[in-house]
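> Return a 3D structure for these sequence lines:
(one chain, ligands or ions: 1)
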Amino acid sequence: MPSKGFVYLVGAGPGRADLITLRGAELIKTADCIIADKLANPALLELARADAEIVNVPKRIGAGSFTQDQINEILVRKALEGKTVVRLKGGDPCVFGRVTEEVVALNEVGVKFEIVPGITAAIAASEYTGIMLTDRRYSSQVAFITGREADGKQGTNIDWDVLARFPGTLVFYMGIGTLPLIAKELIANGRDASTPVALVANATFPTQRVVRAPLNEIVETCQREKIEPPALIIVGAAAEGESELDWFMKQPLFGQSIVSTRDAAGNAEFARMIANRGARPVEFPTFAIKPLTEGNAFLHALAELTTYDWVIFTSPNGVDVFFDVMATLGKDARVFASNRLAALGTKTADALARYGIRADFVPTVFTGRELGTQLIALANLHEKKILLLRSELATSDLVEVLQQGGAQVNDVPLYTAVPQTGDPAALREQIEQGQIHWLTFASPSAVRNFFKRIPVDVVSAGNVKVASIGPVTTAQLDKLGVHVRLTAPEHTTDGLLGAIEQVESR
Ligand code: SAH
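Okay, here's the model as predicted:
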């Protein structure tokens, strides 16, 4: 009989994944089993161990949904299997979270538990919209209310008379479905029909929306603006909002949908950067990295690695491909004990650092030609042996510059990019419906593969702006007749987003 497991009731925070607590994130990383609500951001599950069991338990009406009893039963069963279970709930686990029922079920079978607080939707929505729930000038008290009990059924705990007279801010959770009743009851019980109301949907996400109307018009506004759950209803003077506190939706890239077109890993990283600037990332892979490390060129270079004066990596992908092979060979960073290393760009240097290597040289400008020129200025390369470990598709600029400096260059293809795409139909539809604002390209091969799947005229007709990371990528776009709105002056993904931000804040 296995020992009893342990259950952590963890608040996932209001939406945006990194608004979870450190403790919550740590527990997800170590759990054997995660039982997740629909409102918990699925990105958090990426923190879980590869072998963790994930059970999604949406609690809506309809197929595939779970009753509270079923959830309790799963929770108890997993814990009794001896597992460390994280019960992941949106916002704070105990704010309208039915934690009591889950805890009673655990207590009945003697399973121990811990509760990990999270940021509840009302608090986050307030701080992401400039709606101050407790500003001393107009709201000395705030009430959180469930809208689900507002359906007028017998035995509800909602006292409309008290709420109508409440001299502060009212925040209704789960109230979009019963909004007509909420508005009607508040007015019928004496609340001024002109009281400001705000609806905040998808708080903290790039899709966050706020609509406002007086109490007697809010139902119509909600329907017209098609506000859907999850959303909060905020009633009272606070709902007017303070424009100077409204930082989130004022970010220059807020509301922009930006497509990234790299490989899956590159897209995931770029998507985080896009979301950090308040925009909505759309990931559309155009290629996958295919190692060429079984080829003779690589194996030969590896055998004579100690004879090279310099080894140059030009991308994080190259670094990862190289060290993946080293891992399978049972080797590590010490293979470079006798070499000096150069990295093109700080991202490549960071990748080397992850394997314990501090690059000897990281040029401050980000093209191959510049790297070569600076390396020559730094070191006398005459008759020096240089090993280039990079993409098969790289241009010959760097090789030429180094050879002009007198170096013997061995340009070894470490990997290549094979075409692979996301779902072109889905992206095309979004473009045609005007839901995409920017397309970004970070390499000529991404450009080629993208436009094999989506015609150039679809992009131009959809009013999509095209941004390129640098001149080589721009040249490829020009060749296909794509109008390039901007080429980033700094040829990094950060530089690319910075340039887009400049255009949008004009
Ligand atoms: N325990 C959760 C609330 C669960 S009830 C918490 O502490 O936040 C579910 C309700 O929460 C939704 O119907 C909606 O009213 C609100 N909600 C949750 N996430 C939200 C979000 N990102 N934006 C707006 N409302 C949200």
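
> use CA for all of it now, contacts and neighbours both
Noted.

> Break this structure down into its domains, please.
As assigned by automatic domain parsing, the chain contains the domains 6-119, 123-245, 257-286+420-504, 289-418.

> ends of the first one, how far apart?
Meaning domain 6-119. Taking CA to CA, to the nearest Å, domain 6-119 runs 23 Å from one end to the other.

> Which SSE is immediately downstream of the helix or strand containing F450?
Element membership for F450, per DSSP states H and E: helix 444-453. Counting by DSSP H and E, the next helix or strand C-terminal to helix 444-453 is helix 456-461.

> roughly how far is that following helix from the heart of the chain?
Chain-centre distance of helix 456-461: 27 Å, with CA atoms, centre = their mean, to the nearest Å.

> Looking at it now, give me its mean pLDDT.
Helix 456-461 carries an average pLDDT of 92.

> for that helix, packing partners?
helix 424-432 (3 or more CA pairs under 8 Å, 6 or more residues apart in numbering; DSSP states H and E).

> for the record, mean pLDDT for the helix or strand following the helix it packs on?
Using DSSP H and E, the helix or strand that follows helix 424-432 in sequence is strand 438-441. Averaging pLDDT along strand 438-441 gives 98.

> Show me the shaky parts of this protein.
1-2, 60-64, 150-155, 365-366 (pLDDT under 70).

> which bits of it sit near the ligand?
Within the chain, the positions near the ligand by CA under 6 Å from any ligand atom are 14-15, 90-93, 95-97, 120-121, 173-174, 200-203, 229-232.

> Which ones among those residues map onto strands?
Y173, V200, A201, A231, L232 (DSSP state E).

> can you pick the most crowded of those?
V200 (28 neighbours; other CA atoms under 10 Å).

> quick revisit: so for the helix holding F450, what gets flagged as buried?
For helix 444-453, the neighbour count (16 or more other CA atoms under 10 Å) marks P444, S445, A446, V447, R448, N449, F450, F451, R453 as buried.

> so what does that helix touch, helix or strand wise?
strand 287-291, helix 471-479.

> So for the next helix or strand after the first one, what gets flagged as buried?
Just to be clear, that refers to strand 287-291. Counting by DSSP H and E, the next helix or strand C-terminal to strand 287-291 is helix 296-303. Neighbour-count burial for helix 296-303, counted by 16+ other CA under 10 Å, picks out F298, A301.

> now swap in stretch 127-144 and tell me
Buried-residue list, stretch 127-144, by 16+ other CA under 10 Å: E127, Y128, T129, G130, I131, M132, L133, S139, V142.

> Spell out for me which residue occupies the centre of the chain.
R272 (4.1 Å; CA atoms, centre = their mean).

> tell me the SS of that residue?
Following DSSP: H, G, I helix; E, B strand; the rest coil, we place R272 in the helix state.

> Next: the one 10 residues further on.
State at V282, reduced to three classes by three-state DSSP: strand.

> right, and D332 touches F323 too?
Yes. In this structure D332 lies within contact range of F323 using CA atoms under 8 Å: 7.3 Å.

> What segments of the stretch 51-200 of the chain are helices?
In the stretch 51-200 of the chain, the helices defined using DSSP state H, counting those that start in this stretch lie at 68-80, 99-109, 121-127, 160-165, 179-188.

> for those helices, which one ends up most surrounded?
Stretch with highest mean neighbour count among the helices of the stretch 51-200 of the chain: helix 121-127 (a mean of 22; mean count of other CA atoms under 10 Å).

> How about residues contacting that helix?
13-14, 91-92, 131-133, 144, 171, 200, 203-204, 232, 246 (CA atoms under 8 Å, 6 or more residues apart in numbering).

> Please identify which pair of those residues lies farthest apart.
The span of the contacts of helix 121-127, defined through CA to CA, is set by D92 and D246 at 23.1 Å.

> Can you pick out the residue with more neighbours from these two?
Legend: neighbour count by other CA under 10 Å for D92 and D246, higher for D92 (23 against 16).

> Phi first, then psi, for the nearest residue to the more buried one once chain neighbours are set aside.
Closest residue to D92 apart from its sequence neighbours, by CA to CA, 6 or more residues apart in numbering: G118 at 4.1 Å. Main-chain torsions, G118, degrees, to the nearest 10: phi -140, psi 170.

> Please work out how many residues are found near G118.
23.

> Tell me if I'm right that it and G11 touch.
Yes. The pair G118 and G11 passes the contact test of CA under 8 Å, sitting 4.1 Å apart.

> Common neighbours of these two, please.
Joint contacts of G118 and G11 (CA under 8 Å, 6+ apart) are I20, G91, D92, P93.

> Now for those residues, which sits with the most neighbours around it?
Within these, G91 tops the neighbour count with 28 neighbours, counted by other CA under 10 Å.

> got a list of what that one touches?
G11, A12, G13, P14, G15, L39, A40, G118, I119, T120, A121.

> and with 7 Å instead?
G11, A12, G13, P14, G118, I119, T120, A121 (CA atoms under 7 Å, 6 or more residues apart in numbering).

> Ok, A213 next?
Contacts of A213 by CA under 7 Å, 6+ apart are P196, V197, A198, T221.

> Quick check: the third one vs the ligand, distance?
Which is A198. 11 Å (CA to the nearest ligand atom, to the nearest Å).

> Name the helix or strand for the closest residue to that residue other than its chain neighbours, please.
The shortest distance from A198 to any non-neighbouring residue, by CA to CA, 6+ apart, is to R212 (4.4 Å). Using DSSP H and E, R212 falls within strand 209-214.

> how many neighbours does the residue lying closest to N157 once chain neighbours are set aside have?
Distance criterion CA to CA, 6+ apart; nearest residue to N157, sequence neighbours excluded, is E149 at 7.4 Å. Neighbourhood size, E149 [other CA under 10 Å]: 16.

> Wait, E149 touches T156, no?
Yes. E149 lies in contact with T156 (CA atoms under 7 Å); the separation is 5.8 Å.

> which residue sits closest to Q408, ignoring its sequence neighbours?
K385 (4.9 Å).

> Can you report how many residues neighbour L389?
23.

> Would you mind measuring from it to A407?
16 Å.

> Is Q502 in a helix, a strand, or coil?
helix.

> Only the buried residues of stretch 318-327, if you could.
For stretch 318-327, the neighbour count (16+ other CA under 10 Å) marks G318, V319, D320, V321, F322, F323, D324 as buried.

> so after the host helix or strand of the first one, what's the next helix or strand?
This means G318. In this assignment (DSSP H and E), G318 forms part of helix 316-328. Past helix 316-328, further along toward the C-terminus, the next helix or strand under DSSP H and E is strand 340-343.

> Quick one: list the elements packing against the next helix or strand along the chain from that following strand.
Counting by DSSP H and E, the next helix or strand C-terminal to strand 340-343 is helix 346-354. Packing partners of helix 346-354 (3 or more CA pairs under 7 Å, 6 or more residues apart in numbering; DSSP states H and E): helix 316-328.
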